[in-house]
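Chemist: Got a sequence here, can you build the structure:
(4 chains)
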There are 2 protein chains.
Amino acid sequence: MTESRGERKERTRRAILDAALSLSEGSALVALSLRQVAKEVGIVPTAFYRHFPSIEDLGLALVEESLDTLRALLRELRHTAGEDAATIIDGSVSVLVEQVRQDHAHYGFIARERFAGPAGVREAIARGIELAERELATDLAHLPGTDTWTDHDLQVLSALIVGAMVITAERLLGTSPGSPAEQRVADDARTQIRMLLVGARNWQSRTP
Amino acid sequence: MTESRGERKERTRRAILDAALSLSEGSALVALSLRQVAKEVGIVPTAFYRHFPSIEDLGLALVEESLDTLRALLRELRHTAGEDAATIIDGSVSVLVEQVRQDHAHYGFIARERFAGPAGVREAIARGIELAERELATDLAHLPGTDTWTDHDLQVLSALIVGAMVITAERLLGTSPGSPAEQRVADDARTQIRMLLVGARNWQSRTP
DNA sequence: CGTGACAGTGCACACATGTTCACTCTCGTA
DNA sequence: TACGAGAGTGAACATGTGTGCACTGTCACG
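Modeler: Below is the predicted model:
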């Protein structure tokens, strides 16, 4: 017995989460049956209840986990410093590519459940994205050149950038790691955010 | 009997489509059962097969229909002329708001099934969006001021614009018609596309 | 007028699902 | 060392599901 009681429980909990993640791939959370995941994990259906009261709660746990990796992405992005804007952008997109490649399952889950998931799941994801927008806005406010900007315009700009990131992530999900397609998506994303930043640089907030 | 045989069949076909659209709202296509829609329509389950060979095909028909309304949006957008760029943008966003408001069910369906739907459905939607990007790119090419642009850069720019439109549509889906929230989303979208176009105006394609 | 195509019915079946309950066995603790 | 908590079992249930089959009635057409 090299495993403690708690470790063993945690291990099957993880197995359940992984099974759910893998099974819901190519479909949706709502099309996931308790018995299916139980069979995949290798436990009897009723044992599922020892870990989650329902599939819905399993979904919420999965969202929580996925949002964690999303937050990790943001943290990583924040540390992507550089000399000029161009290198910052290039680095950020690289980080995005890396993360999506690495946590493919989680990002796929978020993409799928963002609109198709149950209400609680949808709201949690929406909150996560909003948070990203707000954080980016405050980050932008501390950058030089944004002194003439309205708070609201900064908010709108970050929404635009985050939106571009989301769409890029969604596109990346459809490509395989290291493929030319992935490279193309990444390059295009870099170009897009550059365009977008050229726009920002020449922007002039109208005083309200 | 004021209804012909064919009209009657078409009517229950429509009823099935509408029922599926309404029932899949708040969930997903994959979580839709044949018996459920049959009960909603008021026919016996097996009668469903007179109209569709399976739920999956029902889904494809719904996608087709939804993509039709998407194409209608594009057509409408194309006719939104104006003096300067600003009025074109304002008009286009207004059209988007109007259309999403009017065909809420279809756009919601697209948003939900874009990633959570079965493979065939996902691909059909992806093709529809790509088509929109290509069409916008050729439209942009005929505009003055884009002579120095690379074909590829034009393509990337339209992907960016279409992406912003998609995200705006998704945001609009969460607001109720005529609400202040809807107004806010629309206004922000106008600002975003303006920013984006300022970027485009100052863009300089690197010769490859 | 008759007849056949065919939308819709009703029953049947085999199967999957969520949840219940009483149970076993084993680790951690008192 | 004794025991209790609790992860996992296995049988049972009511219910929902897709689909097959024989059927009925009625509109359209020869």
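Chemist: how does chain A divide into domains?
Modeler: A:1-52, A:59-201 (automatic domain parsing).
Chemist: does the longest one come close to DNA strand C?
Modeler: No - figure legend: domain A:59-201 not in contact with DNA strand C (C-beta under 7 Å from any atom of the strand); closest approach 11.8 Å. C-beta here means a position set from N, CA and C on the backbone, and glycine is covered the same way.
Chemist: what's the model's confidence in that domain, averaged?
Modeler: Domain A:59-201 shows a mean pLDDT of 93.
Chemist: Give me the distance from that domain to the chain's centre.
Modeler: 8 Å (C-alpha atoms, centre = their mean, to the nearest Å).
Chemist: roughly how far apart are residue A:45 and residue A:10?
Modeler: 20 Å (C-beta to C-beta, to the nearest Å).
Chemist: Then residue A:191?
Modeler: Residue A:191 is 44 Å from residue A:10, where distance means C-beta to C-beta.
Chemist: More neighbours: which of those two?
Modeler: Counted by other C-beta atoms under 10 Å in any protein chain shown, residue A:191 and residue A:10 do not tie: residue A:191 has more neighbours, with 23 against 13.
Chemist: How about whichever residue of chain A sits closest to chain B, nearest residue that isn't a chain neighbour?
Modeler: Distance from chain B to each residue of chain A (C-beta to the nearest C-beta) is smallest for residue A:199, at 2.6 Å. Distances taken as C-beta to C-beta, 6 or more residues apart in numbering or on different chains place residue B:199 nearest to residue A:199, at 2.6 Å, with adjacent residues excluded.
Chemist: At the geometric centre of chain A, which residue sits there?
Modeler: residue A:70 (4.0 Å; C-alpha atoms, centre = their mean).
Chemist: wait, doesn't that one sit right on residue A:132?
Modeler: Yes - between residue A:70 and residue A:132 there is a contact under C-beta atoms under 8 Å: 7.3 Å.
Chemist: what helix or strand is the residue nearest to residue A:199 on?
Modeler: helix B:180-201 (DSSP states H and E).
Chemist: Not counting that helix itself, show me its contacts.
Modeler: Residues from elsewhere that reach helix B:180-201 (C-beta atoms under 8 Å, 6 or more residues apart in numbering or on different chains): A:153, A:156-157, A:159-160, A:195-200, A:202-203, B:85-86, B:89-90, B:92-94, B:96-97, B:101, B:145, B:157, B:160-161, B:164-165, B:168, B:171-172, B:174-176.
Chemist: next one: stretch A:17-35
Modeler: A:36-37, A:40-41, A:45, A:48, A:55, A:58-59, A:61-62, A:65, A:105-106, A:108-109, A:112-113, A:116-118, A:121, B:27-28, B:30-31, B:116, B:118-119.
Chemist: Go back to the residues you listed and keep what's next to DNA strand D.
Modeler: residue A:45.
Chemist: Apply the buried test to the contacts of stretch A:17-35 and list what passes.
Modeler: A:36-37, A:41, A:48, A:55, A:58-59, A:61-62, A:65, A:105-106, A:108-109, A:112-113, A:116-118, A:121, B:27-28, B:30-31, B:116, B:118 (16 or more other C-beta atoms under 10 Å in any protein chain shown).
Chemist: got the buried residues for the helix or strand containing residue A:91?
Modeler: Using DSSP H and E, residue A:91 maps to helix A:85-102. The neighbour-count check on helix A:85-102 (16+ other C-beta under 10 Å) flags A:85, A:88-93, A:95-97, A:99-101 as buried.
Chemist: Give the other helices and strands that that helix contacts.
Modeler: Where contact means 3 or more C-beta pairs under 8 Å, 6 or more residues apart in numbering or on different chains; DSSP states H and E, helix A:85-102 is packed against helix A:55-78, helix A:151-173, helix A:180-201.
Chemist: Keeping just the C-alphas, turn that helix into CSV.
Modeler: The C-alpha trace of helix A:85-102 is given here as CSV (Å, rounded to 0.1, in the frame of the first residue of the first chain):
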residue,chain,number,x,y,z
ALA,A,85,5.0,46.6,-28.7
ALA,A,86,5.9,44.2,-31.5
THR,A,87,7.9,41.8,-29.4
ILE,A,88,5.3,41.9,-26.7
ILE,A,89,2.6,40.9,-29.2
ASP,A,90,4.7,38.2,-30.7
GLY,A,91,5.5,36.8,-27.3
SER,A,92,1.9,36.9,-26.1
VAL,A,93,0.6,35.0,-29.2
SER,A,94,3.4,32.5,-28.7
VAL,A,95,2.2,32.0,-25.1
LEU,A,96,-1.3,31.6,-26.3
VAL,A,97,-0.4,29.0,-28.8
GLU,A,98,1.7,27.1,-26.2
GLN,A,99,-1.1,27.1,-23.6
VAL,A,100,-3.8,26.0,-26.0
ARG,A,101,-1.5,23.3,-27.3
GLN,A,102,-0.8,22.2,-23.8
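Chemist: what's the angle between that helix and helix A:180-201?
Modeler: With axes from the mean of the first three to the mean of the last three C-alpha atoms, to 10 degrees defining the directions, helix A:85-102 sits at 140 degrees from helix A:180-201.
Chemist: Which SSE is immediately downstream of helix A:85-102?
Modeler: helix A:104-116.
Chemist: Any part of that next one near chain B?
Modeler: Yes - Helix A:104-116 is in contact with chain B by C-beta under 8 Å from any C-beta of the partner chain, via A:108, A:111, A:112, A:113, A:114, A:115, A:116.
Chemist: who's in contact with that helix?
Modeler: Residues contacting helix A:104-116 (C-beta under 8 Å, 6+ apart): A:21-22, A:24-25, A:28-30, A:59, A:62-63, A:65-67, A:69-70, A:99-100, A:121-122, A:125-126, A:169-170, A:172-173, B:27-28, B:108, B:111-117, B:170, B:173.
Chemist: residues of stretch A:129-147 that come out buried?
Modeler: For stretch A:129-147, by 16+ other C-beta under 10 Å, it's A:129, A:132, A:133, A:135, A:136, A:137, A:140, A:146.
Chemist: sorry, that was for stretch A:167-176
Modeler: A:167, A:168, A:169, A:170, A:171, A:172, A:173, A:175.
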